[in-house]
Structure formats: structure tokens, C-alpha cells
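A.B. asks: Predicted structure and sequence below. I'll ask about it afterward.
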Amino acid sequence: MTTKKLPNFKTEDEFAKFVETHDMGPYLKGMKALDEALILAPALAEKIRERAKKRLISLRLPNWQIEGAKEIARKTKRPYQTLIQTWVGEGLRAEMRGIRPDHH
């Protein structure tokens, strides 16, 4: 496995978004061991736990859907893949409750 260096983050939110959207394995090898415990904010710790539960899949989408998601992501300042994951999750939860989202 290739070792990568973490980029510099201006805020904890930037770091949290990075952790949500990247495999942390290549970054861990290059990190120094700590002599003391590292305490994470509860929300960040939960995001890391959730990220560890995810599986990578390949999903083919029409270009218009990808470009539309990227445009909305730019406007809302979020990663477009995270946005798509949110939409898939919302759709699944609605279907499981028996509520069908509007299809325009």
C-alpha cells in the first residue's frame, strides 16, 4: 500500500469531509504514533465509524445526473459523491417507510 501525506486542513469540517470521502488506509502508515489518547469530537468519531462500515461499489449513471449532482454540490459546497450518497439514503429510507419520493 502506498503511503500518502494528509493535506493541511483549515477547519475540523474540512477534515471531516475528507475522512468521509477518502480511504484513510494509505494515510495511516505515514502517521506518527501518539503517546497520549486522541479525543475526537463525537460527531467526527461517528462519521469515521460510519465510513468504516461502507463498501465501494461501481454505479453507472447518465452524464446529466452526474453533472447535475456536481452543479448542486458546487452550489452547496459539498462533495458531489457525498450528495449522491445522501440522495440514495433518503430514497431508500422513504421506500422502506412506504413513501415514494416525487419523480419529475
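C.D. replies: Cool, got the structure.

A.B. asks: Tell me which helix or strand the residue most central in space within the chain sits in.
C.D. replies: Relative to the mean C-alpha position of the chain, the nearest C-alpha, by CA atoms, centre = their mean, is the one of E20, at 3.1 Å. Element membership of E20, judged by DSSP states H and E, is helix 12-21.

A.B. asks: model confidence over the helix or strand following that helix, on average?
C.D. replies: Downstream of helix 12-21, the first helix or strand assigned by DSSP H and E is helix 25-28. The average pLDDT for helix 25-28 rounds to 76.

A.B. asks: Which helix or strand lies directly C-terminal to helix 25-28?
C.D. replies: The first helix or strand that comes after helix 25-28 along the chain, using DSSP H and E, is helix 42-52.

A.B. asks: Dump the C-alpha coordinates for that next one into PDB.
C.D. replies: Once non-C-alpha atoms are left out, helix 42-52 reads as follows in PDB (Å, rounded to 0.1, in the frame of the first residue of the first chain):
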ATOM      1  CA  PRO A  42     -18.400  12.800  18.900                       C
ATOM      2  CA  ALA A  43     -19.800  13.800  15.500                       C
ATOM      3  CA  LEU A  44     -16.400  13.200  13.800                       C
ATOM      4  CA  ALA A  45     -16.000   9.900  15.600                       C
ATOM      5  CA  GLU A  46     -19.400   8.800  14.400                       C
ATOM      6  CA  LYS A  47     -18.600   9.800  10.800                       C
ATOM      7  CA  ILE A  48     -15.400   7.800  11.000                       C
ATOM      8  CA  ARG A  49     -17.300   4.800  12.300                       C
ATOM      9  CA  GLU A  50     -19.900   5.100   9.600                       C
ATOM     10  CA  ARG A  51     -17.200   5.400   6.900                       C
ATOM     11  CA  ALA A  52     -15.600   2.200   8.100                       C
END
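
A.B. asks: quick one, that helix and helix 12-21 angle?
C.D. replies: Using axes from the mean of the first three to the mean of the last three CA atoms, to 10 degrees, the inter-axis angle of helix 42-52 relative to helix 12-21 is 20 degrees.

A.B. asks: contact partners of the helix or strand just after helix 42-52?
C.D. replies: Beyond helix 42-52 in the direction of the C-terminus, DSSP H and E gives the next helix or strand as helix 63-76. The contact list for helix 63-76, computed with CB atoms under 8 Å, 6 or more residues apart in numbering, reads 79-80, 82-84, 87. (Glycine included, C-beta is placed from N, CA and C.)
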